[in-house]
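*Asks:* Predicted model follows, preceded by the sequence.
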Protein chains: 2
Amino acid sequence: MNNILSSLKGKGALAALALLAASPAFADALVENVDGMTLDENGRVVRFTGVLVDRDGKVSKLLQRRDKRPEKLDWRIDMKGRILIPGMIDAHGHVMGLGFQALALDLSETQSFDEAKAKIVAYAAANPDRPWITGGGWNQERWGLGRYPNAAELDALVPGKPVWLERVDGHAAWANSAAMKAAGITAKSESPSGGRIEKGANGQPSGVFVDAAMALVGKAVPAPSPRDRNAAFLEAQKILLRNGITATADMGTSLDDWMTYRRMADLNFLRVRLMTYADSVDTAVRVGGSGPTPWLYADKLRMGGIKLYLDGALGSRGAWLKAPYADAAGQTGLPFQTDTQLLNQMSRGAMDGFQLAIHAIGDRANGQVLDAIDEMQTSYKGDRRWRIEHSQIVDAADLPRFGRNGIIASMQPVHQTSDRTMAETRLGAERLGGAYAWRSMLRNNARIAFGSDYPVENPNPFVGWAAGFTRQGPDGQPFGGWRAEEALTREETWKAFTIDAAYAGFAESKFGRLAPGMRADFVIVDRDPSAVSPAELRQTVVLETWVGGQKVFERGGREDAVPEALTRDPVRGGPPGR
Amino acid sequence: MNNILSSLKGKGALAALALLAASPAFADALVENVDGMTLDENGRVVRFTGVLVDRDGKVSKLLQRRDKRPEKLDWRIDMKGRILIPGMIDAHGHVMGLGFQALALDLSETQSFDEAKAKIVAYAAANPDRPWITGGGWNQERWGLGRYPNAAELDALVPGKPVWLERVDGHAAWANSAAMKAAGITAKSESPSGGRIEKGANGQPSGVFVDAAMALVGKAVPAPSPRDRNAAFLEAQKILLRNGITATADMGTSLDDWMTYRRMADLNFLRVRLMTYADSVDTAVRVGGSGPTPWLYADKLRMGGIKLYLDGALGSRGAWLKAPYADAAGQTGLPFQTDTQLLNQMSRGAMDGFQLAIHAIGDRANGQVLDAIDEMQTSYKGDRRWRIEHSQIVDAADLPRFGRNGIIASMQPVHQTSDRTMAETRLGAERLGGAYAWRSMLRNNARIAFGSDYPVENPNPFVGWAAGFTRQGPDGQPFGGWRAEEALTREETWKAFTIDAAYAGFAESKFGRLAPGMRADFVIVDRDPSAVSPAELRQTVVLETWVGGQKVFERGGREDAVPEALTRDPVRGGPPGR
């Protein structure tokens, strides 16, 4: 047999694979002695002490202490009174981005420029084989630098080899001279439409490239190999499961991302549920053909929608505003496409029944998408669930429009706590009435789906949950919460991270809460998230994660053994004898 | 639910889909009262009267008349004494090409230029919505035209609209003026390397484009939509099943072909087993990542190898010969790639464990591939099953080299009967010692896998089977068979169309014969192919086709209802209100 399974034989990894294959969903299993809680379809807390799981990995019944247990059981698991909650769902993340970031140089935790410099030097030393040093997560605001870093500073750290590091929001990147040389960037290079090459006083490119200009250098970075992609996916999945996330939207799935998910699923390595949104109409139709794919692999994978971008981010002043930035006279950010272009794309996708998810950060961008949806809605009837991704800075006058047309505001609580100071700087206090306006969204009958936008933010949903009802950062600041009138309740936040995140992906009949017929996706945690203080909630430790009645993560336990042949490129020589 | 299933609801097609879903492989079924025959692993005929099929759609036992039948059966099918044989396997075909050809203008049955002209006019009239008239199957040799047709002749039939028609062998194509205009072809256009623009005495392009030159016009043809691809696949599958083919190699699978197969399989419309060979190393790694995919959908789909081309075909004098063509002084055909290029690609594929299948028609091309395999074999050990596709014109001195290195000669009996006259013209009698040399291949310990090269030839395997042991065409000519010493026996031919065609795709443990543990793929036919005359064998009628214990074709019976939403593009307007 000349295939992947046989290629593993010699490597001693076959046993691990066989173990996975021999671990089917339990046949009529009882997960017993739990302190269980879930929301019901109305968002009310339901408590239980046992979960009966059927042969398909679905919940057949939630049991109370007094309920009789079935006599015939294939399996019984005693959870010893620990807390069990439904698996958390992230409504907006970037799976492959999370994996690549985890494997790349990560500057997201660096608090100062010096700390970042040390990390860059260390990573380059630890990875001598990599042709390029890539990574990101830097944030000059967090460093207190007051300006962008530049190429010369990077040259001093890694002189010979190209270095290319994305800003934390993905809307700018920092190159050294070797990278700019490899990309053919010179003083004569001009900023493309929708982007900016930062230049120094001498007219030379300073090393930072904003939005559309990033592609000028990005295209010179060697593409990851399929094995690199496998490795990145597996790393991302590990991180998600460890955080108690059993399902996630994947925003901007490329064709190669999709191929990676299928490869891993075909080899029985897909654990987390993926609701994918194609990176373009073309990708969507190449994959789905005449419309969304069915749910694949027992509800683990689907391409149901298309993610489109209308503007950039606040940090890089790419968000498209109605009035100029408070801290950059005359700048209003810029749209990535015209009205007509946006409508054309939405129309092409909607005609085939794909869900549309449009990125809009600035108030002008949000208004523009709301206009587009008004117009689309006249032609494309039915349950469309138009999504606006981030819905971050909204003109207060536009807020009531969210409730109309069944729009889903796909928002990220931690963006609020991370960005509030910057938002005040960029916009000034008077324009924040519709910013991160969760309570106003609900009051206007919009549905909120919460996510983290990982890897822009850490995917830990318990941190997001705490932010959702406190409007406070991990440091408990500001006292009483930032614009606390926009906070949700603890239960509303939970719902946005479970039931409504599933609803936003047309999955509410499959997962998002525990009830008969729903997939048995749940998490064992070390504290009661419905009761502990916000500070304690943020520290929640996930002990076990179960997807479809199968344990897929155990803290301190063995992880899936993944054969190295799937993730490490062999050393490639030329053709033999030449 | 905003997906394909729900989109069918309003169209009354859901019932058809539900029917399919409710038709699982039989649970311990008995296919009873058959006049059954199969080859065993040694190629000997085994006869039986019943087939016991298990819940996975595999044969659990072949029963003789005297054997006791199990008492507990979920299903029993009385075949009333009809003939049952294993499903036929085509070792070399082009699935999407077959489907597109079936939906396009088909000139393959035309016996004269006039008949072809009438068919072109009729098709254009019947398909007024098509932006281009495309199709093929023409053969100026069969028409007795003695020259290529030209653009002016086509302009007279279809003046305004582009027309683009491939030659029967796929190595040349015929355009009208509108097509050449759309492609920007003028008198100044130069023949590319590896191809030829035919030109008239006036220096103007005559309308025929050979080999690599075909791309000059081909690139202007609008790409098929995903729904076009769905439709083509379903059409091809219907043709294959109707011909009793239950498994086929797909040679030159593009990424979009692969996406189509997966779409259809995901929606439960994949019936025939596909052993796919990628059209390039890049496609193979984008799909398989680190190596061949596993067998998917219960052994229905796999990407196990890579198809590469070394030369063209005999008809267009693209086949690469050691000495010039007998009928074209100085011309030897041409290789599509250098030795080093070929070795590079083979090496890239072999390193990841992909099987290599190299197209070689001419004796020089065959020699070159044999050289390459000799060299590859030193680096890439193990069960590689190097394939040479067609192995058509082989220098007699090279024949013994086929037995070495475990090479599979993937040949097409009907090419011999269709091409023999042309082969004599192109090569002269003295160079035919190693042409279509089936018996010599076996004598030299090569393994032969037989196919039809559909849509170049009709996929009917019974016609190929008859050719295999007679070396005679459908007209029974020539008397006694052409170079009859190269004929195989009836059983050897059968084996090459079943067991060895499966072996050539690393599938011999899954299908190709009926025995316990093998997939229950079989065909009910109207006569005994092990006994009837060759003329009768060619007329064999397939009554039923079964794959994995499921009936997937019945002559005169209902066919799968495929929802129109999967195969017909909606009328697409602009965005609403613009």
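*Replies:* Alright, I've got the coordinates.
*Asks:* quick one: buried residues of stretch A:372-383?
*Replies:* Of all the residues in stretch A:372-383, those buried under the rule 16 or more other C-beta atoms under 10 Å in any protein chain shown are A:Ala372, A:Ile373, A:Glu375, A:Met376, A:Gln377, A:Tyr380. Using the backbone N, CA and C atoms, a C-beta is placed for each residue, glycine as well.
*Asks:* how about it as CSV, C-alpha atoms only?
*Replies:* Provided in CSV are the C-alpha atoms of stretch A:372-383 (Å, rounded to 0.1, in the frame of the first residue of the first chain):
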residue,chain,number,x,y,z
ALA,A,372,-26.0,47.2,0.7
ILE,A,373,-28.1,44.8,2.8
ASP,A,374,-31.2,47.0,2.4
GLU,A,375,-30.7,46.7,-1.3
MET,A,376,-29.9,43.0,-1.4
GLN,A,377,-32.8,42.2,0.8
THR,A,378,-35.2,43.3,-1.9
SER,A,379,-33.9,40.6,-4.3
TYR,A,380,-32.7,37.8,-2.0
LYS,A,381,-35.5,36.7,0.3
GLY,A,382,-35.6,34.0,2.9
ASP,A,383,-33.5,33.3,5.9
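*Asks:* Could I get the average pLDDT for that stretch?
*Replies:* Stretch A:372-383 shows an average pLDDT of 94 in the prediction.
*Asks:* ditto for stretch A:87-106
*Replies:* For stretch A:87-106, the mean per-residue pLDDT is 95.
*Asks:* now swap in stretch A:149-164 and tell me
*Replies:* Here the average pLDDT along stretch A:149-164 is 95.
*Asks:* For the stretch 101-250 of chain A, which segments count as strands?
*Replies:* Using DSSP state E, counting those that start in this stretch, the strands of the stretch 101-250 of chain A run over A:105-106, A:133-138, A:163-167, A:172-175, A:195-199, A:205-211, A:245-253.
*Asks:* rewinding a little: would you check which of the buried residues of stretch A:372-383 are in contact with chain B?
*Replies:* Among these, proximity to chain B is found for A:Glu375, A:Met376 (C-beta under 8 Å from any C-beta of the partner chain).
*Asks:* Dump the buried residues of stretch A:372-383 into TSV; add secondary structure and distance to A:Ala409 as well.
*Replies:* Below are those laid out as TSV (DSSP: H, G, I helix; E, B strand; the rest coil; distance: C-beta to C-beta, whole Å):
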residue	secondary structure	distance to A:Ala409
A:Ala372	helix	15
A:Ile373	helix	12
A:Glu375	helix	19
A:Met376	helix	17
A:Gln377	helix	16
A:Tyr380	coil	19
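*Asks:* For the buried residues of stretch A:372-383, please prepare CSV with the additional fields distance to A:Gly99.
*Replies:* As requested, those are exported to CSV (distance: C-beta to C-beta, whole Å):
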residue, distance to A:Gly99
A:Ala372, 32
A:Ile373, 32
A:Glu375, 37
A:Met376, 33
A:Gln377, 36
A:Tyr380, 34
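*Asks:* From the buried residues of stretch A:372-383, pick the one nearest chain B.
*Replies:* Relative to chain B, the closest of the buried residues of stretch A:372-383 is A:Glu375; by C-beta to the nearest C-beta it sits at 5.7 Å.
*Asks:* Pretty sure the closest one sits against A:Leu343.
*Replies:* Yes. Contact criterion C-beta atoms under 8 Å: A:Glu375 and A:Leu343 qualify, at 6.5 Å.
*Asks:* who's in contact with the nearest residue to A:His92 once chain neighbours are set aside?
*Replies:* With C-beta to C-beta, 6 or more residues apart in numbering or on different chains as the criterion, A:His92 has its nearest non-adjacent residue at 3.5 Å, and that residue is A:Gly451. By C-beta atoms under 8 Å, 6 or more residues apart in numbering or on different chains, the residues touching A:Gly451 are A:Asp90, A:Ala91, A:His92, A:Gly93, A:Thr248, A:Ala249, A:Ser410, A:Met411, A:Gln412, A:Gly464, A:Phe497, A:Ala501.
*Asks:* Can you list which of the residues you listed are found in strands?
*Replies:* With DSSP state E as the criterion, strands contain A:Asp90, A:Ala91, A:His92, A:Gly93, A:Thr248, A:Ala249, A:Ser410, A:Met411 from among the contacts of A:Gly451.
*Asks:* give me the number of residues near the fourth one?
*Replies:* This means A:Gly93. 25 (other C-beta atoms under 10 Å in any protein chain shown).
*Asks:* Please report the distance of it from chain B.
*Replies:* 21 Å (C-beta to the nearest C-beta, to the nearest Å).
*Asks:* Leaving out chain neighbours, which residue sits closest to the one residue in the stretch 51-200 of chain A that gets nearest to chain B?
*Replies:* Nearest residue of the stretch 51-200 of chain A to chain B, counting by C-beta to the nearest C-beta: A:Met96, 13.5 Å away. Distances taken as C-beta to C-beta, 6+ apart put A:Asp257 closest to A:Met96, at 4.9 Å, once the chain neighbours are dropped.
*Asks:* cool, A:Pro474 as well?
*Replies:* Per C-beta to C-beta, 6+ apart, closest to A:Pro474 is A:Arg538, 6.0 Å.
*Asks:* Also A:Leu514?
*Replies:* A:Leu514 sits nearest to A:Thr38 (C-beta to C-beta, 6+ apart), 4.1 Å away.
*Asks:* Next, that neighbour: phi, psi?
*Replies:* phi -150, psi 170 (degrees, to the nearest 10).
*Asks:* Quick check: bridge partners of it?
*Replies:* A:Val46 (DSSP bridges).
*Asks:* Quick check, pLDDT for it.
*Replies:* pLDDT at A:Thr38 comes out at 98.
*Asks:* what residues are up against it?
*Replies:* A:Val45, A:Val46, A:Phe48, A:Leu62, A:Ile85, A:Pro86, A:Arg513, A:Leu514, A:Ala515.
*Asks:* Could I get the phi/psi values of A:Trp48?
*Replies:* Rather than Trp, residue A:48 is Phe. phi -160, psi 170.
*Asks:* Can you check the pLDDT for whichever residue of the stretch 101-250 of chain A sits closest to chain B?
*Replies:* Of all residues in the stretch 101-250 of chain A, A:Pro226 sits closest to chain B, at 3.7 Å by C-beta to the nearest C-beta. Looking at A:Pro226, its pLDDT is 92.
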